[in-house]
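Chemist: No sequence on hand, only this structure:
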């Protein structure tokens, strides 16, 4: 029980810390979650991490539910509650305070500058997530180059065309089902 309580505290502290940089949502900080849970603490394997992420994406609900799933995997219900509470609670209050303050100063230059400054950070975090999931899912086998090439092509299409992402997801699903990737 003591180990589980300590692990729950570690989860809560870490998810609180990464929640502060989670511009773009929980998915944007998946590489940090992976580093923490798989590389540093070795609480799950690459395959466990990616499988839980796929399950969370397939399930209805917000993307942040992945945090509760990782917490549950590591420390059962207390881990899930501590993880999701630490990820959402404090930053929800911070977001409310920032938005209230931002509404009062929406026309000022510093407000516009802050908004413009956060966009590259968000894009970078999301791109890092895509890279981490692509590399982790490929297991560095013979399909690795094809998987990364497809990821690069899909990213390029998504960034330059106004195409519904469902078409890219469907294409990736078909290529995966027939064994290309």
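Modeler: Cool, got the structure. This is a predicted model, so every value here is computed, not measured.

Chemist: Report the residue spans of the chain with pLDDT below the cut-off.
Modeler: Across the chain, residues meeting the criterion (pLDDT under 70) sit at 1-3, 135-141.

Chemist: check contacts around the residue most central in space within it.
Modeler: In the chain, the residue lying closest to the centroid (Cα atoms, centre = their mean) is residue 27, at 1.9 Å. Residues in contact with residue 27 (Cβ atoms under 8 Å, 6 or more residues apart in numbering) are 63, 66, 126, 129. C-betas here are computed from N, CA, C, even on glycine.

Chemist: who wins for most neighbours among those?
Modeler: residue 66 (26 neighbours; other Cβ atoms under 10 Å).

Chemist: residue ranges for the helices of this structure, please.
Modeler: For the chain, the helices identified by DSSP state H occupy 2-19, 30-34, 46-58, 65-104, 109-138, 144-160, 165-177, in order along the chain.

Chemist: Most tightly packed of the ones you listed?
Modeler: Comparing the helices of the chain by mean neighbour count (mean count of other Cβ atoms under 10 Å), helix 30-34 comes out on top with a mean of 22.

Chemist: Show me what that one is in contact with.
Modeler: The list of residues contacting helix 30-34 from outside it, by Cβ under 8 Å, 6+ apart, reads 18, 21, 46, 49, 53, 66-67, 70, 125, 128-129, 131-133, 136.

Chemist: ok, 6 Å please
Modeler: Residues outside helix 30-34 that contact it (Cβ atoms under 6 Å, 6 or more residues apart in numbering) are 18, 49, 128, 129, 132.

Chemist: Residue 74 versus residue 124, what's the distance?
Modeler: If you measure residue 124 against residue 74 using Cβ to Cβ, to the nearest Å, the figure is 27 Å.

Chemist: Repeat that for residue 159.
Modeler: 34 Å.

Chemist: a markdown table for the helices of the chain, including distance to residue 40?
Modeler: Putting these into a markdown table (distance: least, Cβ to Cβ, whole Å) gives the following:
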| stretch | distance to residue 40 |
| --- | --- |
| helix 2-19 | 9 |
| helix 30-34 | 10 |
| helix 46-58 | 13 |
| helix 65-104 | 12 |
| helix 109-138 | 14 |
| helix 144-160 | 24 |
| helix 165-177 | 29 |
